[in-house]
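J.: Structure here, sequence nowhere to be found:
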């Protein structure tokens, strides 16, 4: 037989080889978005693929989550989520990670259901959105919601069959849950009294909103090495805790004569992550408010390109800053922006107006004459669907229609005329809620805990309620004391910054390995001008012993403070841990 091919055979072989080449390119695109002869990544995911490729080329092994993103991008997998919903099927680990891009967290074994976390720019939503979310909760979830420590809302107990119903119905309300979990830029926080606060320097709403929509409309800003937090502080009376964020923008007054145009700027802080015992650091950079989004974008892209894709515990921005130093990092940001950042000396900035640690509770005059905001106490952040509708109705009928969530797990109704305040308080009371709180309850913060989170070692919300109930009846505080309870090392409730901080732990009760809920206890944390990481003072405290222990700590503070106006953190800072422990242990309790 001749070795020559006929023209038809040649055309067949050429087509076959061409098909194989096309298949190879398609497969490369499936796993990494690579096209072209050189396999160069293209498209919105290219910045991430290139970062992963550099990691692999350097001999690194991608973390499983990086592999999940590379194999099938979550935003290309919505049909798979819908298919699982139609089958009422729980997700496997890879998909459980992917669905967090849509705000859905499957929280088994704590609950055999999803939690859905929203995105609410600056924590402000309308009365009709809150009422609509009450309907969503009743129809598709547990009939309640939780206010989070990012001024956000979560719905829980969502069966897999309702996953897409929840995501889509939330969008019908003009809200969304996109990117609120996994390796993405989380809910954008801002001053809850933005635009109405008599002491604010800046209304944060337009800047939080601009950054919010910038994220939503740029796919390349999804799939970071790890989660990322951004907060805007307008210098209002209520703290935003921007110094616990990866990027913190703090409104400041720049004085004349320091090389920058005098007026109101943002001070830029970077690297906050209190769960890893670090606050955001002042960079010496000031940013014009109109340029906050451009600066944020450049910072995030430098992080995308250089963050750790192998070790999830070292993948936050803080660790890039630790490895590089702020000088090198800011130079990379300037290179990304194509222009220098503005730097000033610390003395160029006027001091920030002081916080009011009780301004998120009760009635407070707005900058608008005759109007008030009213802070409502929520039991460790929880609202029933009925209460959600009731609050929405009050905001619609007596306020300006806005509901403002805070990082202190409560909410404000704004725009209430002074002559309607009494009626509003009556209607709030009828919902079995209050506008008044003890010094313990006003600063009580708790994560979801073991009731709804598989990582938690204790039932934090239940413990928080027990502590508040016990101490309110036995200790008369005349100053706010923040008590934070978090269930695990992720520190969602930021236990390190509480005056008293408790982190969940399993406490042994015998030699057979049996354990009960318990806590390690920290003391002397703070934020803002009092920023401090709490020091551990007690270990392995059983949950049922925590209320009495906190009572002893509060009584010890009252008995030994230097004066009536000495704060808990100032008191704690004056003493070593052993001295504090001796004072607390000496207090008698029932």
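T.: Sure thing, it's come through. If you're wondering where the values come from, they're calculated on a predicted model, not measured in any experiment. Numbering: from 1, shown residues only.
J.: where are the low-confidence patches of the stretch 451-590 of the chain?
T.: Across the stretch 451-590 of the chain, nothing is flagged by pLDDT under 70.
J.: no no, the chain
T.: Across the chain (using pLDDT under 70), the flagged ranges come out as 1-38.
J.: Tell me the helices and strands packed up against the one helix or strand residue 386 maps to.
T.: Element membership for residue 386, per DSSP states H and E: helix 385-398. Where contact means 3 or more Cβ pairs under 8 Å, 6 or more residues apart in numbering; DSSP states H and E, helix 385-398 is packed against helix 127-140, strand 144-147, strand 402-405, strand 411-417, helix 421-430. All C-beta atoms are positioned from the backbone trio N, CA, C, and that covers glycine.
J.: quick one: strands adjacent to the strand or helix carrying residue 156?
T.: Element membership of residue 156 [criterion: DSSP H and E] is strand 153-158. Paired neighbours of strand 153-158 in the sheet (DSSP bridges): strand 114-117 (antiparallel), strand 144-147 (antiparallel).
J.: Can you say which of those is packed in most?
T.: A comparison of the strands paired with strand 153-158 by mean neighbour count, using mean count of other Cβ atoms under 10 Å, puts strand 114-117 on top with a mean of 26.
J.: Turn the helices and strands packed on helix 385-398 into TSV, including distance to residue 348.
T.: What follows is those, written out as TSV (distance: least, Cβ to Cβ, whole Å):
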stretch	distance to residue 348
helix 127-140	41
strand 144-147	37
strand 402-405	32
strand 411-417	33
helix 421-430	41
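J.: now the angle from the strand holding residue 156 to helix 385-398?
T.: Interaxial angle, strand 153-158 versus helix 385-398 (axes from the mean of the first three to the mean of the last three Cα atoms, to 10 degrees): 150 degrees.
J.: picking up where we left off before, would you tell me which of the strands paired with strand 153-158 gets closest to residue 552?
T.: Each of these was scored for nearness to residue 552 using Cβ to Cβ, and the closest is strand 144-147 (29.8 Å).
J.: doesn't residue 181 fall inside a helix?
T.: No - counting by DSSP: H, G, I helix; E, B strand; the rest coil, residue 181 is not found in a helix; it is coil.
J.: ok, now which ones touch the nearest residue to it once chain neighbours are set aside?
T.: Counting by Cβ to Cβ, 6 or more residues apart in numbering, residue 181 lies nearest to residue 100, which is 3.2 Å off, once chain neighbours are set aside. Contact analysis of residue 100 by Cβ atoms under 8 Å, 6 or more residues apart in numbering lists 74, 180, 181, 182.
J.: all helices for the stretch 351-500 of the chain, in order.
T.: Secondary structure of the stretch 351-500 of the chain (DSSP state H, counting those that start in this stretch): helices located at 385-398, 421-430, 439-442, 460-472.
J.: can you redo those helices as JSON lines with mean neighbour count and distance to residue 492?
T.: Shown next, in JSON lines, are the helices of the stretch 351-500 of the chain (neighbours: other Cβ atoms under 10 Å; distance: least, Cβ to Cβ, whole Å):
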{"stretch": "helix 385-398", "mean neighbour count": "20", "distance to residue 492": "22"}
{"stretch": "helix 421-430", "mean neighbour count": "15", "distance to residue 492": "27"}
{"stretch": "helix 439-442", "mean neighbour count": "22", "distance to residue 492": "19"}
{"stretch": "helix 460-472", "mean neighbour count": "22", "distance to residue 492": "9"}
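J.: quick one on the thing from earlier: what angle separates the helix or strand just after the strand holding residue 156 from helix 127-140?
T.: Note on strand 153-158: by DSSP H and E, the next helix or strand toward the C-terminus is helix 163-172. Orientation check (the same axes, to 10 degrees): helix 163-172 against helix 127-140 gives 170 degrees.
J.: For helix 163-172, name the packing helices and strands.
T.: helix 78-86, strand 104-106, strand 114-117, helix 127-140.
J.: for the longest one, the distance to its chain's centre please.
T.: It stands for helix 127-140. Distance, stretch centre to chain centre, for helix 127-140: 22 Å (Cα atoms, centre = their mean, to the nearest Å).
J.: buried stuff in that helix?
T.: By 16 or more other Cβ atoms under 10 Å, the buried positions in helix 127-140 come out as 127, 129, 130, 131, 132, 133, 134, 136, 137, 138, 140.
J.: how close does residue 507 sit to residue 542?
T.: Separation of residue 507 from residue 542 (Cβ to Cβ, to the nearest Å): 5 Å.
J.: Same check on residue 481?
T.: Counting by Cβ to Cβ - residue 481 and residue 542 are separated by 22 Å.
J.: picking up where we left off before, tell me the angle of the helix holding residue 386 relative to strand 411-417?
T.: Using the same axes, to 10 degrees: helix 385-398 against strand 411-417 is 20 degrees.
J.: Looking at the helices of the stretch 351-500 of the chain, spot the one closest to residue 210.
T.: helix 385-398 (24.8 Å).
J.: List the contacts of residue 292.
T.: Neighbours of residue 292 in contact, by Cβ under 8 Å, 6+ apart: 207, 210, 211, 232, 249, 266.
J.: Bridged to residue 268, which residues?
T.: Beta-bridge partners of residue 268, counted by DSSP bridges, are residue 249.
J.: Confirm for me that it is in contact with residue 285.
T.: Yes - under the criterion of Cβ atoms under 8 Å, residue 268 makes contact with residue 285 at 4.2 Å.
J.: More neighbours: those two, which one.
T.: Using other Cβ atoms under 10 Å, the more surrounded residue of residue 268 and residue 285 is residue 268, with 26 against 21.
J.: For residue 532, see how far away that one is.
T.: According to Cβ to Cβ, residue 268 stands 22 Å off from residue 532.
J.: Residue 227 now?
T.: In terms of Cβ to Cβ, residue 227 sits 24 Å off from residue 532.
J.: ok, now residue 161?
T.: 47 Å.
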